[in-house]
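1. How does the following fold in three dimensions:
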Amino acid sequence: MNNTITIFGSAVPVENDAQYKFAYELGAALTKAGFNICSGGNKGIMEAVSKGAFDNDGKIYGVTVDLWDVKPNPYITVEVKEKKLFDRIAKLIELGDAYVILQGGTGTLLEFAAVWEYANKNLQKQKPIVCHSKMWKTVSDVINEQLKSENRNTDLVKYCSSVTEIVEYLIKTV
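-> Below is the predicted model of the structure:
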């Protein structure tokens, strides 16, 4: 059974956006490296990463919730339906053997915070957490300052700047 990488990111980017293209390339590269893909199953980055995996014969989990009037993207191969937002987040975390946080807004921040808190409080076995974007680096630097003052682990999140760097790191750590 292949390991599954859960990817979090914005629902806003469209096909010609740089963020969409990055997510598409990531989905393709992770699938070629033998990983399954998991996301929230909607549009934007979730669609892009799913499409990249789908175009390379990958297995793609989409964890959906009926909060918005949005149909799942057509590239997921396994839909997992949840009734509540926090159940969806818990399922995305449960299905992941590692996590990649791409550009996003408050929803992605909520997901990132949940994954990080699971690691920070040892609520599950340690799983790799990878961030991509200057925004998450800035947010994480601020949080790590607080964690440092609390004598907590500040090495829980890895920062990568390219698809290649993310995939190579996950191959080594998952």
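
2. all strands for this protein, in order.
-> 4-8, 36-39, 60-65, 78-82, 98-101, 129-131, 158-159 (DSSP state E).

3. Tell me the strands beside the last one, with direction?
-> What it means is strand 158-159. For strand 158-159, the pairing partners within the sheet under DSSP bridges are strand 129-131 (parallel).

4. Outside of the strand it pairs with itself, list whatever touches it.
-> 98-101, 112, 115-116, 119, 137, 140, 156-160, 166, 169-170 (C-beta atoms under 8 Å, 6 or more residues apart in numbering). C-beta coordinates here come from the backbone N, C-alpha and C atoms, glycine included.

5. low-scoring pLDDT stretches of this protein, where are they?
-> 1 (pLDDT under 70).

6. show me what contacts the closest residue in space to residue 73 that isn't next to it in sequence?
-> Spatially, and ignoring its direct neighbours in sequence, residue 73 is nearest to residue 47 (4.0 Å; C-beta to C-beta, 6 or more residues apart in numbering). By C-beta under 8 Å, 6+ apart, residue 47 lies in contact with 20, 73, 75.

7. how many other residues sit next to residue 126?
-> The burial count assigned to residue 126 is 11, neighbours taken as other C-beta atoms under 10 Å.

8. For the closest residue to it other than its chain neighbours, the count of nearby residues, please.
-> Excluding the flanking residues, the one nearest residue 126 by C-beta to C-beta, 6+ apart is residue 119, at 6.2 Å. Applying other C-beta under 10 Å, we find 19 residues neighbouring residue 119.

9. looking at it, residue 119 is touching residue 156, isn't it?
-> Yes. Residue 119 lies in contact with residue 156 (C-beta atoms under 8 Å); the separation is 4.6 Å.

10. Quickly list what's touching both of the two.
-> Both residue 119 and residue 156 are contacted by 126, 129, under the criterion C-beta under 8 Å, 6+ apart.

11. Give me the neighbour count for the spatially closest residue to residue 112 that is not a sequence neighbour.
-> Spatial nearest neighbour of residue 112, chain neighbours left out: residue 101 (4.7 Å); criterion: C-beta to C-beta, 6+ apart. Counted with other C-beta under 10 Å, residues neighbouring residue 101 total 26.

12. That's all I had, so thanks and see you.
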